[in-house]
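> next come a sequence and a model predicted from it.
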Amino acid sequence: MLEIKNLHATVDDREILKGISLTINPGEVHAIMGPNGSGKSTLAGVLSGRDLYAVTEGEVLYEGKNLLEMPPEERAQEGLLLSFQYPVEIPGVSNIYFLKAALNAKRKHHGEPEMDAMDFLLLVKDKIKKVNLDEAMLHRSVNEGFSGGEKKRNEVFHLSVLEPKLAILDETDSGLDIDALRVVADNINALRDGKRSFLVITHYQRLLEYIVPDYVHVLVDGRIVRSGGKELALELEQTGYKFEQEAARA
Amino acid sequence: MTQAIANKVDYLQAFEPFNQQRSAIDSASLQSLRQRAAQRFQALGLPNRRLEAWKYTDVSLLARSSFERALPLSVSPEAIQPFVYDGCHQLVFVNGYWAPELSRVETLPAGCILGSLAEALQEHPDLVEPYLGKGASFEDHAFTALNTAFLEDGAFLYLLPGTVIEKPIHLLFISTAKDQATVSYPRNLLVAKAHSQATIIESYIGLEGSYFTCPVTEMVADENAVIDHYKIQREQLKAFHLATMQVQLGRNSSFSSLSIALGGALARTDLHANLDAEGIDCTLNGLYLVKDNQRVDHHIHVDHRKPHGTSRQLFKGLLDGTSQAVFSGKVYVHPKAQKTDAQQSNRNLLLSDDALVHTNPQLEIFADDVKCSHGATVGQLDKEAIFYLRSRGLDEVAARRLLTYGFASDVLEQIKISAVRDHLEQLLSTWLPA
């Protein structure tokens, strides 16, 4: 599904990603863990097409196609979605209107007709209930005045309506209390269907207790310094990133 | 200087023949009003940019153009159909003259007079003359002087105390010119006596040709009257529109106005609200949309003269191309106007590098126990927001359109008449850059 090969990326001529290679197969959940400043969000940004970054070396194949050549909207239409660490407030644009536009953009890209308005309404009402958000939030401006937790749940709500093939969750757990974390994790888990893949970016092991990954990678200073199974996350929880950071410097 | 003098003569050239023609028809007091206004315009001339109120409004194009007085041309019902709102009492004026064949006024409650000012001047001079020319002063305003000099027709509304009109009143002003550029001077007088209520829409629409619309609206809302007012300015791209509206508000009256302006070669609205009684609630909102080389100006003056007045202003602007806009909003709180609560905000979104906005929110406060705030912003679309929308599958054009729409939509959401709101939302959608 996704093949990252020796990816190097810079921000303002400063190299942040220093050769990342990673393969995600359909149905797999990969977690990327790492300390602040290790390049986790840069990786998410490069994969989703944020123009802050310049890729200086390497390539990324998504379903065999060159991902880096696609504009952000095409990546989304092809099924790669990013759940933002800091969801953006969009005053004056209702949640439901935005989602409808996004869903129909995807359907149009695949040569499908626009979704019937009534079917769409039933769909979003069902999905928003599952993330424990009030139905009224469908008609409020996207993320405007939402609490931190509501914003994150709204991101997961968007994912559940847009049904990506590969979802990148960038620090989806940050700012969530334990109840909200469970709701978010339950909804992510509900999306796991054996075909859909996830790249879960997190600082803390906590989220991975609820969304159990198939693989864990440790990112330090722009490189993956260790990879392993879900037990690696637990190990890191105890030892911290210190050891890995020292190893990276050596 | 010789240029300026020549222009004054130009605009007043039509005055003497007009005055002659009207002398057998109109009252002495009306003729005298016109005479004084013409003399005042003669003295003032067209405003130049050395005057503070005209610093950013360049009327030199008006000084270089010559306009003949517009005649009441005939317009087909089909031509105005796109601008009509269902469910309204509709009065249509073509080039400033009442067009009864295009108007349709349904049964009105007793206690309401709605029709043309020309008719009212003949039939109800006792109701007209106490108000006409009393609100909109031409002493310092050249275009009000010009309008008053040529005052002849327009809309007249008179609500007796306690009269409530449920359906909105739509005053539709159509401007259209043939080969020769023309000027029209619609004059509206709207009087709402105590405890009356009405919703009034003024639409200014251009059909074809090159023209100059110079309207003046005088509005009086007495004690406890409730008036919702909408102005929709949709002139042709090459048209000139220089409008004055003066509102005189009575004790505990409520006045709300929304000005939607699509600009023109030059489109300016001067709105003056006089809060000369206690407990008045006055809301003045606006949205202007300009592109290409259009100009749109709003000059708002809110005069808090008595205690316990509330005023709210929110004007938003979308500017594309090489367009320019001016927002000048003054809130003046007189020494007696204690407990005034005034807010003023102007927000602009620039969609191109070459668009320009001059914004000048001003508070002048001479009372010590008041709550006043004002602010202005000029910005561009948020890049992070564009990326957010694109990352969910909207292409860049769609993302920009949606964000721009979102910026303006809260102003349109306040429109209480669904036919008008739907129409303007549609208009905004088609206006947005593709």
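Alright, I've got the coordinates.
> so how far is B:Ala342 from A:Asn25?
As judged by Cβ to Cβ, to the nearest Å, A:Asn25 and B:Ala342 stand 64 Å apart. Just so you know, the C-beta spots here come from the backbone N, C-alpha and C atoms, and that holds for glycine as well.
> ok, the residue in chain A that chain B sits nearest to - contacts?
Nearest residue of chain A to chain B: A:Gly92, at 3.0 Å (Cβ to the nearest Cβ). A:Gly92 makes contact with A:Ser141, B:Tyr405, B:Gly406, B:Phe407, B:Ala408, B:Ser409, B:Asp410 under the criterion Cβ atoms under 8 Å, 6 or more residues apart in numbering or on different chains.
> what do you get if the cut-off is 10 Å, keeping everything else the same?
Residues counted as contacts of A:Gly92 (Cβ atoms under 10 Å, 6 or more residues apart in numbering or on different chains) are A:141-142, A:144, B:402-413.
> only whichever of those are buried, select them in ChimeraX.
The ChimeraX command for the buried members of the contacts of A:Gly92 (criterion: 16 or more other Cβ atoms under 10 Å in any protein chain shown) is given here:
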select /A:141,142,144 /B:402,403,404,405,406,407,408,409,411,412
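> the contacts of A:Gly92 in helices, which ones?
Members of these lying in helices (criterion: DSSP state H): B:Leu402, B:Leu403, B:Thr404, B:Tyr405, B:Gly406, B:Phe407, B:Ala408, B:Ser409, B:Asp410, B:Val411, B:Leu412, B:Glu413.
> closest one of those to B:Ala99?
Of all the ones in helices among the contacts of A:Gly92, B:Ala99 sits closest to B:Leu412, with 28.6 Å by Cβ to Cβ.
> wait, isn't that closest one in contact with B:Ser418?
No. Applying Cβ atoms under 10 Å as the test, B:Leu412 and B:Ser418 come out as separate, 11.4 Å apart.
> measure the residue sitting furthest away from the middle of chain B to A:Pro91 for me?
Farthest-out residue of chain B from its mean C-alpha position, per Cα atoms, centre = their mean: B:Ser391, at 41.7 Å. B:Ser391 sits 18 Å away from A:Pro91, taking Cβ to Cβ as the criterion.
> on that earlier part again, between A:Asn25 and B:Ala342, which is the more surrounded one?
Counted by other Cβ atoms under 10 Å in any protein chain shown, A:Asn25 and B:Ala342 do not tie: B:Ala342 has more neighbours, with 24 against 12.
> which strand or helix spans the more buried one?
strand B:341-350 (DSSP states H and E).
> so what secondary structure elements neighbour that strand?
Counting contacts by 3 or more Cβ pairs under 10 Å, 6 or more residues apart in numbering or on different chains; DSSP states H and E, strand B:341-350 is packed against strand B:281-290, strand B:295-304, strand B:310-319, strand B:324-333, strand B:356-365, strand B:371-379, helix B:396-413.
> got the angle between it and strand B:324-333?
Counting by axes from the mean of the first three to the mean of the last three Cα atoms, to 10 degrees, strand B:341-350 lies at 170 degrees to strand B:324-333.
> so in that sheet, which strands flank strand B:341-350, and in what orientation?
Its sheet considered, strand B:341-350 pairs with strand B:310-319 (parallel), strand B:371-379 (parallel) by DSSP bridges.
> so which of these is the most surrounded?
By mean neighbour count, with neighbours taken as mean count of other Cβ atoms under 10 Å in any protein chain shown, strand B:310-319 ranks first of the strands paired with strand B:341-350 at a mean of 22.
> pLDDT (mean, whole number) over it?
Across strand B:310-319, the average pLDDT comes to 97.
> one more: stretch A:222-231?
90.
> likewise stretch A:71-85?
Across stretch A:71-85, the per-residue pLDDT values average to 96.
> check the offset of it from the chain's centre.
Centre-to-centre, stretch A:71-85 and its host chain are 9 Å apart (Cα atoms, centre = their mean, to the nearest Å).
> host element of A:Asp107?
Careful, residue A:107 is Arg; it's not Asp. Short version: A:Arg107 belongs to helix A:95-109, going by DSSP H and E.
> got the domain ranges for chain B?
B:72-382, B:383-434 (automatic domain parsing).
> quote the end-to-end distance of the shortest one.
Start-to-end span of domain B:383-434 (Cα to Cα, to the nearest Å) is 18 Å.
> do the first one as well
End-to-end distance of domain B:72-382: 48 Å, with Cα to Cα as the criterion.
> returning to what we had before: quick check, nearest of the contacts of A:Gly92 to A:Lys65?
Taking Cβ to Cβ as the measure, A:Lys65 lies nearest B:Leu402 of those, at 27.0 Å.
> how far away is the nearest residue to the closest one once chain neighbours are set aside from A:Pro71?
Here the nearest residue to B:Leu402 in space, its sequence neighbours aside, is A:Val93; by Cβ to Cβ, 6 or more residues apart in numbering or on different chains that works out to 5.6 Å. Distance of A:Val93 to A:Pro71, given as Cβ to Cβ: 20 Å.
> ok, the two, which is more surrounded?
Between A:Val93 and A:Pro71, counting by other Cβ under 10 Å, A:Val93 is the more crowded of the two (23 against 13).
> from the chain's centre, how far out does the helix or strand encompassing that one sit?
Assignment of secondary structure by DSSP H and E places A:Val93 within strand A:90-94. A distance of 22 Å separates the centroid of the chain from that of strand A:90-94, by Cα atoms, centre = their mean.
> partner strands of it, parallel or antiparallel?
Paired neighbours of strand A:90-94 in the sheet (DSSP bridges): strand A:141-142 (antiparallel).
> now do the partner strand, average pLDDT.
Strand A:141-142 shows a mean pLDDT of 96.
> if we ignore the residues flanking it in sequence, what's nearest B:Glu106?
In this structure, B:Glu106 finds its nearest non-sequential neighbour in B:His89, 5.9 Å apart by Cβ to Cβ, 6+ apart.
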